[in-house]
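Asker: Below: sequence and its predicted model.
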Amino acid sequence: MIVIVTMLSFFLDGILSKYILPNTFFLPLFTIVSLVIIYPYFNNNNFRYFKFISLIGLLYDITYFNTLFYNFFIFIILGFIIGLLNYLLSNNLYTNLLTTIIIIIIYRIILFLIIFIFKNHTYSLFELLQSIYKSLILNIIYCIVLYILTEIYSRKYKILRCK
Amino acid sequence: MYRKKQNKKRKTIFIIIVLIICVIIGVIVNIVIPNRNLTIFEKTIKDSVLTVQKIISFPVDFITNKVNVNKEKNEMYEKYKELEEKVKENEKYKIENEELKKQLEDMKELLNINETIADYTYVNANVINRNIDYWSDTITINKGEHDGITKDMPVVIGNNLIGKIISTTTFNSTVRLITATDVVDKISIKIKSQDTYVYGILNGYSEENNTYTIEGISQTIKIENGSIVTTTGMGDIFPAGIIIGKITGVNTDNFDLSNVLEMQSDINFDNINYVTVLRRNI
């Protein structure tokens, strides 16, 4: 199930980028949402989780960014934060939504900082804010849908997950 | 117990070292060499993943195409009438074109110009996906090295420039749009002003106003709104004569020494589905 959820989100990111206009309020970051949803299904086996998300990060790099070890590194940072939030909070729909929002904000800030520091571009903080709020609506909806679907599936097939 | 602790410590140190190495490689690859060529490993993975994506998105593309075809069918009669008029005009242009071609060949020989837009073959391509990264304006198209596409080839829609190829795999390519603010190579342009051409440099894009800035034009030269901006052919990437846009505003710089022009493109960069790559004839 973990692989299906992640790969579905991964491909949806690519397919929807063609149909969703960049200036709308519905920018997809489904792969990142899936990192939040799949965490409990690793049952606190963090090493396996980090191996998995770093592989997804590398795939994300090569397919969509033409880069190497860029999202790989960012995904590992996000993984640490997801792990920490799951350690502090119990796992339910509301905490998943909160984690998704925090992760999207952090992802956008990291990308912004890397471009700001290393690539010497003059993007304003307002543009950073824009990139964040444009990404929130669609990804929150996707998080809810994905959470409900994985809940139903895991109950039906009795797949264990940490609470 | 002590050995277990030692092993855990070693494992953590190993992971940290691997991460640091990855970050260093990442920084070198992305920042120090931003225009690098993809390795065979990357090309293979990218092609395989994008092939799966094409298969998955096939039903969506099919339905979207059907809807678009139906829309176009409704406007068919009006378009037919328009085209009939254009065909009549074309006869006249055909004769003119033959004459101009001859003149162009003579001029090229005289001036020792290597490339013009006529020396390129048009390769049509579909857009597979757009940039997922918010900050860079790129699109991926379904034509690659297999179709003769190489790095730095210009990409157009109609006769309007939209960008250039920045990386290729066997079956796909990535195009950096001219709306990207991180375009490393500035584009040399010319503007028709009365009977002469004025030369300048395309220097940036404002997303807010959807306009480009053109700099390096003397204040003494009068340029009217609506003047067409084309490429000059200097710089070996873009051939001469590709339209980039039209002038929409003329301002002066902070020191009142030169003109700063505003230009707008006819292309809607938010909705690009089909593009043409200009492949050099060797």
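Answerer: Nice, I can see it.

Asker: Get me the contact residues on chain A for chain B.
Answerer: Residues of chain A lying close to chain B by C-beta under 8 Å from any C-beta of the partner chain are A:11, A:13-15, A:17-19, A:21-23, A:27-29, A:59-60, A:62-70, A:72-73, A:76, A:108, A:111-112, A:115, A:118-119, A:121, A:123, A:131, A:134-135. For the C-beta atoms, the positions are set from N, CA and C on the backbone; glycine is no exception.

Asker: among these, which are in helices?
Answerer: Secondary structure defined by DSSP state H assigns A:11, A:13-15, A:17-19, A:59-60, A:72-73, A:76, A:108, A:111-112, A:115, A:118, A:131, A:134-135 of those to helices.

Asker: Contact partners for residue A:41?
Answerer: Going by C-beta atoms under 8 Å, 6 or more residues apart in numbering or on different chains, residue A:41 touches A:1-2, A:150, A:154, A:159-161.

Asker: I'd say residue B:265 and residue B:202 touch.
Answerer: No. Judged on C-beta atoms under 8 Å, residue B:265 makes no contact with residue B:202 at a distance of 10.6 Å.

Asker: Identify the nearest residue to the residue sitting nearest the centre point of chain B in space, disregarding sequence-adjacent positions?
Answerer: Geometric centre of chain B, nearest residue: residue B:163, 1.1 Å, by C-alpha atoms, centre = their mean. The shortest distance from residue B:163 to any non-neighbouring residue, by C-beta to C-beta, 6 or more residues apart in numbering or on different chains, is to residue B:177 (4.2 Å).

Asker: Please report the distance of the one you found from residue A:94.
Answerer: 40 Å (C-beta to C-beta, to the nearest Å).

Asker: between those two, which one's more packed in?
Answerer: residue B:177 (22 against 11; other C-beta atoms under 10 Å in any protein chain shown).

Asker: Can you report how many residues lie near residue B:87?
Answerer: Residue B:87 is flanked by 9 other residues according to other C-beta under 10 Å.

Asker: quick one: secondary structure of it?
Answerer: helix (DSSP: H, G, I helix; E, B strand; the rest coil).

Asker: State the distance from it to residue B:94.
Answerer: With C-beta to C-beta as the criterion, residue B:87 and residue B:94 are 11 Å apart.

Asker: Same question for residue A:81.
Answerer: For residue A:81, the distance to residue B:94 - C-beta to C-beta - is 65 Å.

Asker: out of those two, which sits in the more crowded spot?
Answerer: Taking neighbours as other C-beta under 10 Å, residue A:81 and residue B:94 compare with residue A:81 leading, 16 against 10.

Asker: Who are the contact partners of the more buried one?
Answerer: Residue A:81 neighbours (C-beta under 8 Å, 6+ apart): A:102-103, A:106.

Asker: so it is in which element?
Answerer: Secondary structure assignment for residue A:81, by DSSP states H and E: helix A:71-88.

Asker: thinking residue A:12 is in contact with residue A:28, fair?
Answerer: Yes. Under the criterion of C-beta under 8 Å, residue A:12 makes contact with residue A:28 at 6.7 Å.
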